[in-house]
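*Asks:* Need coordinates for the following:
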Amino acid sequence: QVQLVESGGGLVQTGGSLRLSCASSGRSIRTYVMAWFRQVPGKEREFVAAITRGGGNTFYEDSVKGRFTISRDNVRNTVYLQMNSLKPEDTAVYYCAAGSEGAALSEMVTDYDYWGQGTQVTVSS
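*Replies:* Predicted coordinates:
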């Protein structure tokens, strides 16, 4: 069982930076594609970024390309999302997710089996 816990959210001004962390307290994440999603009230959960098992390939949603960086440390069982040049429209609850074993990089919510509880990111204008 993979149990994911996010941290690092908070309040930041436009143009600022935050680094989110997602740690697994259960099974190792090394065999899972990992991803970050975000959600605002009343809207669907949307894909932000994903990373392959070894960390060699990444995939980003267009609006965060060049500003966000996903990375992982399989020894520490942790995935990160470095967020720079933050904008008010980045305000959301950010969720970490682990994909189905053997799955490829995906932006689909349904391709991920394990989810954290979320961490709030608020960007003030």
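*Asks:* Distance-wise, check the residue sitting nearest the centre point of the chain relative to Ser125.
*Replies:* Most central residue of the chain, judged by C-alpha distance to the mean C-alpha position with Cα atoms, centre = their mean, is Trp36 at 2.1 Å. Applying Cβ to Cβ, to the nearest Å, the value for Trp36 to Ser125 is 23 Å. No exception for glycine: its C-beta is placed from N, CA and C like everyone else's.
*Asks:* tell me the contacts of the residue lying closest to Gly16 once chain neighbours are set aside?
*Replies:* Closest residue in space to Gly16, ignoring its immediate chain neighbours: Leu86 at 5.3 Å, by Cβ to Cβ, 6 or more residues apart in numbering. Going by Cβ atoms under 8 Å, 6 or more residues apart in numbering, Leu86 touches Val12, Thr14, Gly15, Gly16, Ser17, Leu18, Arg67, Val121, Val123.
*Asks:* Among those residues, name the buried ones.
*Replies:* Among the contacts of Leu86, those classed as buried by 16 or more other Cβ atoms under 10 Å are Val12, Leu18, Val121, Val123.
*Asks:* The protein: strands as residue ranges?
*Replies:* Taking DSSP state E as the test, the strands found in the chain are 4-7, 10-13, 18-24, 34-39, 46-51, 58-60, 68-73, 78-83, 92-99, 112-115, 119-124.
*Asks:* If I follow the layout properly, Gln1 ends up in contact with Gly26?
*Replies:* Yes - with contact defined as Cβ atoms under 8 Å, Gln1 counts as touching Gly26 (4.8 Å).
*Asks:* Just want to know which of those two has more residues nearby.
*Replies:* Gly26 (12 against 7; other Cβ atoms under 10 Å).
*Asks:* any idea how far that one is from Asn57?
*Replies:* Distance from Gly26 to Asn57, by Cβ to Cβ: 25 Å.
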